[in-house]
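Trainee: This is a predicted model, with the sequence first.
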Amino acid sequence: MPRKYSESKLTMADLEAMAKKVSNWGKWGPNDEIGTLNYIGPEQLRRAGTLVKQGKAISLGLDFNQAGPQTGKFRRFNPVHSMLATGTDSCAGKHGNPNIQYADDMVTMPLQCGTQWDALSHIFNNGRMYNGYDASNVDANGAKKNGIEKTKAKMVGRGVLLDIARWAGVDSLDDGMAITNADLDACAKKQGVEILRGDFVIVRTGHMERCLKQGDWAGYSGGDSPGMAFETAEWAFRKEIAAVATDTWGAEVRPNEIEEAFQPWHWVVIPMMGLTLGEILYLKDIGDDCAKDGVYEFLFSAPPLPITGAVGSPINPIALK
Amino acid sequence: MAKGLTRADVLKKAEELKNWGKWGPDDQLGVLNYITPADIANAAKLVKKGKVFRLGLELDEKGPQRGLFGGRWNPMHQMLATGTDAVQGIQEPLVGMRYADDAINLPTQAATQWDALAHVFLGDQMWNGYSATLVDTRGAHKNGIEKFADKMVGRGVLLDVAKHRGVKRLPDGSAITSAELDAVARAEGVEVRRGDFVIFNTGQMADCLDRGDWGGYAGGDAPGLAFETVDWIHKKQIAGICSDTWGIEVRPNETTDGTNQPWHWVTIPAIGIVHGEIWYLCELVADCAADGVYEFFLCAPPLVISRGTGSPINPQAIK
């Protein structure tokens, strides 16, 4: 069962050791920019396609609107949706030339304000990002290496839901509860599903649903949270999975297990392992559905917007069963 | 139908093809209702090679917008945190954390996108008879893009009109008729079925990209569907119509009285069909020509923008 974040007693030396242990730098050549997404090949895709049996699509995207989880912390805000043309204007005869009657709109958003992928250029370790590229490759013009556009045809494969909250018998794990390697294995076993190379592993903690239910995001964005224990970096490395995605703001447990490092798991999985990370996924519907039919694997498609040089992308992941 | 259409012809055709009420008075999905679970399951069987094609144009300042229509601009991508700042230690005090972060500002229809059913009106009404005034400053209270969150999945069919004509691209102003769509499908050995997402290639975008000049791509003259294809779309009961052009229909428009984008007046508000526009088809077109397989699994989820009238997308064709 998930344990408290404070039980692991980790130090910066542990972080450095883990960084070395799970490094994939050079594994796919010196020019690689997609990391563990390389584990998904034609065979994985064909197999994923066979998982669509009921013809059912489930969205794992939180609605993008002003009621989102952002508070201004880290200079992130909720999406600002503004109209460029409206039906009220149209009915008031304001659409003259051209005379098509229409509505149009725009959106301004931090790319990681809601359901999103982190690009491999999002986090640095000792001034470097995934595959050894210098962090200075990410400047005011965006990411010249490891940008999200490199993954534009890569975010498709087999998805597996590990419903840790249900397995633990709670609506939501408490803040500060860390999900360990043993928890991931036990949950998969209980659900009767095997984690395979190239999988998108989706971990449900219930945190988002707790916030939605209470009508208050509280500390969801950047505050305390349940999440992955630091040691799961090794699990993800060993299993050769393509990605981890969760229903929390930052995937890993908060408070963090290493005091001297903000989000220490991030320091290791993104820049060293090259693991794709999905955050703020809406997992209520997929959780309910999997609990009902007992099928925890599906075709997963979560294409990023191919924003040139971006270090993340808003997404609407789709699970197909 | 040749050139010489009037507003009266357009309104008459819209009345004739109206699907309002067909799926009940509360429907906000239109012809997406044609897609059944069996269609989705069968479409997934088209994943044979295990190959993914992205159909989204890259979003950046080099996009096609030039302000010709509606004051739209290309995406503006701005950094909130950079690696240059990080290596110099100029970041917020997050105990050692070094990161990059960014934001975007874009019209939802700046590049590869879906139109929501709230995008175009017929008189003072939109799809299923809802009042157009339900799209106000706060967005679309009916027929918004968020209704499609889990709907843009099914069988995709590519009709490569340019290849069929033996040209690199169709010239601007060249209209594609229903008969031609049927002929292309026949030549490709693919059948257009109820519930399909039909994607046709004119070669216009590839040509603009090759020349490094968008010219009048966004809102200017273009090849595209003839007005009379509204009958084909209605009869075939397809679920979506998509192309590599800005607005799908032929430009200059076939109307003589200044009725702008007449095909849109019928397709979106009357038939209730979504449009996928500015789709990047280059790699898919090449692959289909190579293996002769013009059908595939299509997954093109919109961003779930509450009350949006459209969404930027990166559609995935999987073969």
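Mentor: Yep, that arrived. Residues are numbered from 1 along each chain as shown, chains lettered A, B, ... in the order given.

Trainee: Tell me which residues touch residue B:99, please.
Mentor: Residues in contact with residue B:99 (C-beta atoms under 8 Å, 6 or more residues apart in numbering or on different chains) are A:122-124, A:266, B:81, B:86, B:91. Quick note: C-beta positions are derived from backbone N, CA and C, even for glycine.

Trainee: need these in CSV with distance to residue A:190, secondary structure and neighbour count, can you?
Mentor: Below are those laid out as CSV (distance: C-beta to C-beta, whole Å; DSSP: H, G, I helix; E, B strand; the rest coil; neighbours: other C-beta atoms under 10 Å in any protein chain shown):
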residue, distance to residue A:190, secondary structure, neighbour count
A:122, 33, coil, 28
A:123, 32, strand, 25
A:124, 37, coil, 26
A:266, 28, helix, 24
B:81, 40, strand, 22
B:86, 41, helix, 21
B:91, 41, coil, 18
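
Trainee: The nearest residue in space to residue B:261 that is not next to it in sequence - how many residues pack around it?
Mentor: In this structure, residue B:261 finds its nearest non-sequential neighbour in residue A:100, 4.7 Å apart by C-beta to C-beta, 6 or more residues apart in numbering or on different chains. When neighbours are counted by other C-beta atoms under 10 Å in any protein chain shown, residue A:100 registers 21.

Trainee: where does chain B have low pLDDT?
Mentor: For chain B, the stretches with pLDDT under 70 are B:1-3.

Trainee: Which segments of it make up each domain?
Mentor: B:7-64+B:108-318, B:73-106 (automatic domain parsing).

Trainee: So which of the ones you listed has the densest surroundings on average?
Mentor: domain B:7-64+B:108-318 (a mean of 21; mean count of other C-beta atoms under 10 Å in any protein chain shown).

Trainee: tell me the centre residue of the chain?
Mentor: As the question left the chain open, I've gone with chain A. residue A:278 (0.7 Å; C-alpha atoms, centre = their mean).

Trainee: The intended chain is chain B.
Mentor: residue B:276 (0.8 Å).

Trainee: Write down the beta-bridge partners of the residue nearest to it when sequence neighbours are not counted, one by one.
Mentor: Nearest non-adjacent residue to residue B:276, counting by C-beta to C-beta, 6+ apart: residue B:242, 3.1 Å away. Listed beta-bridge partners, residue B:242: residue B:199, residue B:276 (assigned using DSSP bridges).

Trainee: on that earlier part again, using just helix, strand and coil, how would you label the residue nearest to residue B:261?
Mentor: coil (DSSP: H, G, I helix; E, B strand; the rest coil).

Trainee: Test my guess that it contacts residue B:264.
Mentor: Yes. At 6.2 Å, residue A:100 counts as touching residue B:264 under the criterion of C-beta atoms under 8 Å.

Trainee: With distance to residue A:154 as added columns, please give the domains of chain B in TSV.
Mentor: Formatted as TSV, the domains of chain B follow (distance: least, C-beta to C-beta, whole Å):
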stretch	distance to residue A:154
domain B:7-64+B:108-318	7
domain B:73-106	20
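
Trainee: right, so of these, which gets closest to residue A:284?
Mentor: Proximity to residue A:284, assessed across the domains of chain B by C-beta to C-beta, is greatest for domain B:7-64+B:108-318 (13.1 Å).

Trainee: and that closest one, how far out from the chain's middle?
Mentor: Mean-position distance between domain B:7-64+B:108-318 and its chain equals 4 Å (C-alpha atoms, centre = their mean, to the nearest Å).

Trainee: cool, and stretch A:284-291?
Mentor: Distance, centroid of stretch A:284-291 to centroid of chain: 18 Å (C-alpha atoms, centre = their mean).

Trainee: Also stretch A:45-60?
Mentor: 19 Å.

Trainee: quick one: is that stretch near chain B?
Mentor: Yes. For stretch A:45-60 and chain B, the contact criterion (C-beta under 8 Å from any C-beta of the partner chain) is met by A:45-46, A:48-59.

Trainee: measure that stretch end to end?
Mentor: End-to-end distance of stretch A:45-60 (C-alpha to C-alpha, to the nearest Å): 20 Å.

Trainee: ok, and for it, which residues are buried?
Mentor: In terms of neighbour count (16 or more other C-beta atoms under 10 Å in any protein chain shown), stretch A:45-60 has its buried residues at A:45, A:47-49, A:51-60.
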